[in-house]
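K.L.:
Would you be able to build a 3D model of this:
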Amino acid sequence: MESALVKMTRSIMDCCICVTVILLLANSANVSGESPTTHSAPLNECPVKLHIDGEQGPSARISDCSSGKPVSLFTEGIAEEIEVKDNVLPALTPSLFSNVPPTINFVRPDQKVEELPQTIRDRLKYYASPSSPIAFYVSLSGFTQTQDVWEYIVFYGLPYQINMARDYLSVLPHQKFNHIPDSWALGCKDQLGRNLQRFKAKYGEEDYGIFPETFVLPEDKVALKRAWNSSDKHRTWLLKPPCAFGGRGIEVVQDWKKVPKKEHTVVQRYISNPLLVNGSKIDLRVYVHVTSINPLRIYVNPEGLVRISVEKYTMKDINNRAIHLTNKDINDKNSLYYVDEQLAEGNRR
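P.N.:
Next up is the predicted model:
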């Protein structure tokens with residue numbers, strides 16, 4: 001079972017949407033592959049020839065990569081230099097590495113991008129709800145939606161669920177997923193809490209004393225009651241739905257009667273001395289890109305995000321969520337909320 005999971009995760013690694021042209025044209029005679037960079041040292045290995053069963057003819061044209069010659073005639077000169085013409089950005093971004101094909105340039109709504117050839121656009125298919133945020137952005141670069149599991153190159157949806165087994169088992173080598181199977185272990189607060197508890201018990205307080213007391217109800221109700229009664233002061237707790245987001249359903253409580261008796265809920269002790277910026281609560285978000293589980297490969301984004309609550313911090317009002325939560329969905333409904341375009345001021349920096 002473990003080997004099957006490893007095999008599956010390998011096939012869907014690199015879950016960010018950085019789609020190379022060589023994958024887009026994997027079953028075409030004109031596969032991109034030239035590196036448009038000025039690196040003189042070639043790679044030690046030639047690119048792997050891609051082939052999809054059932055296709056006719058060669059799936060790639062590969063020259064002698066050790067000589068520095070292009071591995072495909074299709075991209076010879078297509079992305080040698082990024083040049084903005086008439087405020088239109090190039091469709092492809094050159095790779096920084098030798099013998100690595102260019103990638104598709106994803107743009108913002110206020111930007112324009114060159115149109116790729118029809119032969120490429122015919123293969124730019126994503127599998128997701130058309131109402132999802134990603135659908136709008138990838139459409140700017142020529143992607144269109146499909147419901148055919150054999151046709152898409154990008155799958156954008158929720159983390160793996162049992163009813164999605166067919167989608168994962170039928171995945172082809174060139175198809176990308178935005179979630180690695182079982183990522184609920186990090187994305188859901190109850191499972192994350194359980195995993196942190198296990199690691200804390202195994203490795204100790206010094207390495208894993210980084211989170212407040214956490215209980216998952218109803219299983220931990222007795223332990224929660226014991227911790228609740230042991231606190232003479234700061235008897236303030238957060239109730240959180242296990243798998244919600246955007247601050248949905250989070251409550252600050254000080255009365256035991258408000259703690260659910262049977263409902264599946266995560267309960268955390270409220271930190272009594274939170275870090276403040278200009279008198280308001282904040283949180284720090286650092287984004288990582290997990291491209292592989294076996295071997296584990298993680299890239300840390302050099303740019304993070306600071307979210308600042310609209311209202312000044314006080315414990316005199318535990319019902320005002322704009323005081324205690326930093327989520328955008330909570331704070332942007334407040335008239336005081338604003339975001340500076342340069343991200344130098346405001347509630348998101």
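K.L.:
And for Ser231, nearest residue in space, chain neighbours not counted?
P.N.:
In space, and not counting its chain neighbours, Ser231 is closest to Arg269: 8.0 Å by C-beta to C-beta, 6 or more residues apart in numbering. Any C-beta I mention is one placed from the backbone N, CA and C, and that applies to glycine too.
K.L.:
Low-confidence bits of the protein, can you list those?
P.N.:
1-86, 130-131, 159-164, 167, 232 (pLDDT under 70).
K.L.:
and the longest helix seen in it, how far out from the chain's middle?
P.N.:
Looking only at the chain and at elements set by DSSP state H, the helix with the highest residue count is helix 189-203. Relative to its chain's centre, helix 189-203 lies at 22 Å (C-alpha atoms, centre = their mean, to the nearest Å).
K.L.:
List the contacts of it.
P.N.:
Contacting residues not belonging to helix 189-203 are listed as 184-186, 207-209, 211, 214-216, 240-243, 264, 266, 268 [C-beta atoms under 8 Å, 6 or more residues apart in numbering].
K.L.:
before we move on, back to that, phi, psi for the residue nearest to Ser231 please.
P.N.:
Recorded main-chain torsions at Arg269 are phi -70, psi 130, according to degrees, to the nearest 10.
K.L.:
Asp182 too?
P.N.:
phi 70, psi 20.
K.L.:
Near it, how many other residues are there?
P.N.:
When neighbours are counted by other C-beta atoms under 10 Å, Asp182 registers 14.
K.L.:
Please apply the same query to Val310.
P.N.:
22.
K.L.:
Look up how far Trp184 lies from it.
P.N.:
For Val310, the distance to Trp184 (C-beta to C-beta, to the nearest Å) stands at 31 Å.
K.L.:
quick one, helices of this protein?
P.N.:
Counting by DSSP H, the chain has helices at residues 2-11, 21-24, 118-121, 133-139, 165-169, 184-187, 189-203, 205-208, 221-229, 321-324, 328-331.
K.L.:
okay, those helices in a markdown table with distance to Leu284 and mean neighbour count next?
P.N.:
Supplementary listing: the helices of the chain in a markdown table, determined by distance: least, C-beta to C-beta, whole Å; neighbours: other C-beta atoms under 10 Å:
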| stretch | distance to Leu284 | mean neighbour count |
| --- | --- | --- |
| helix 2-11 | 29 | 12 |
| helix 21-24 | 34 | 23 |
| helix 118-121 | 39 | 14 |
| helix 133-139 | 22 | 15 |
| helix 165-169 | 33 | 13 |
| helix 184-187 | 17 | 14 |
| helix 189-203 | 17 | 15 |
| helix 205-208 | 19 | 10 |
| helix 221-229 | 27 | 14 |
| helix 321-324 | 17 | 22 |
| helix 328-331 | 15 | 18 |
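K.L.:
How about the contacts made by Gln254?
P.N.:
Applying C-beta under 8 Å, 6+ apart, one finds that Gln254 lies in contact with Arg235, Thr236, Trp237, Ile318.
K.L.:
State the number of residues packed around Ser335.
P.N.:
Counted with other C-beta under 10 Å, the neighbours of Ser335 add up to 6.
K.L.:
which residues does Asn105 contact?
P.N.:
By C-beta under 8 Å, 6+ apart, the neighbours of Asn105 are Leu89, Pro90, Ala91, Leu92, Thr93, Val113, Ser141.
K.L.:
Mind doing that once more with 10 Å?
P.N.:
Asn105 is in contact with 79, 82, 89-93, 111, 113-114, 116, 140-141, counting by C-beta atoms under 10 Å, 6 or more residues apart in numbering.
K.L.:
partner residues bridging the spatially closest residue to it that is not a sequence neighbour?
P.N.:
Counting by C-beta to C-beta, 6+ apart, Thr93 is the residue found nearest to Asn105 once chain neighbours are left out, at 4.8 Å. Going by DSSP bridges, Thr93 is paired in beta bridges with Thr103.
K.L.:
Next one: Thr93 from Lys112, what distance?
P.N.:
In this view, Thr93 and Lys112 are 15 Å apart by C-beta to C-beta.
K.L.:
Repeat that for Lys312.
P.N.:
Using C-beta to C-beta, which is the criterion applied here, Lys312 is 42 Å from Lys112.
K.L.:
quick one on the thing from earlier: of the contacts of Gln254, just say which sits nearest to Tyr287.
P.N.:
Trp237 (28.7 Å; C-beta to C-beta).
K.L.:
hang on, that closest one packs against Val267?
P.N.:
Yes - A contact is recorded between Trp237 and Val267 when judged using C-beta atoms under 10 Å, the distance being 5.5 Å.
K.L.:
More neighbours: which of these two?
P.N.:
More neighbours surround Trp237 than the other of Trp237 and Val267, with 25 against 22 (other C-beta under 10 Å).
K.L.:
ok, back up a step: of the helices of the chain, which is nearest Lys258?
P.N.:
Between Lys258 and the helices of the chain, the shortest gap by C-beta to C-beta is with helix 221-229, which sits at 11.7 Å.
K.L.:
Please consider this matter closed, and thank you.
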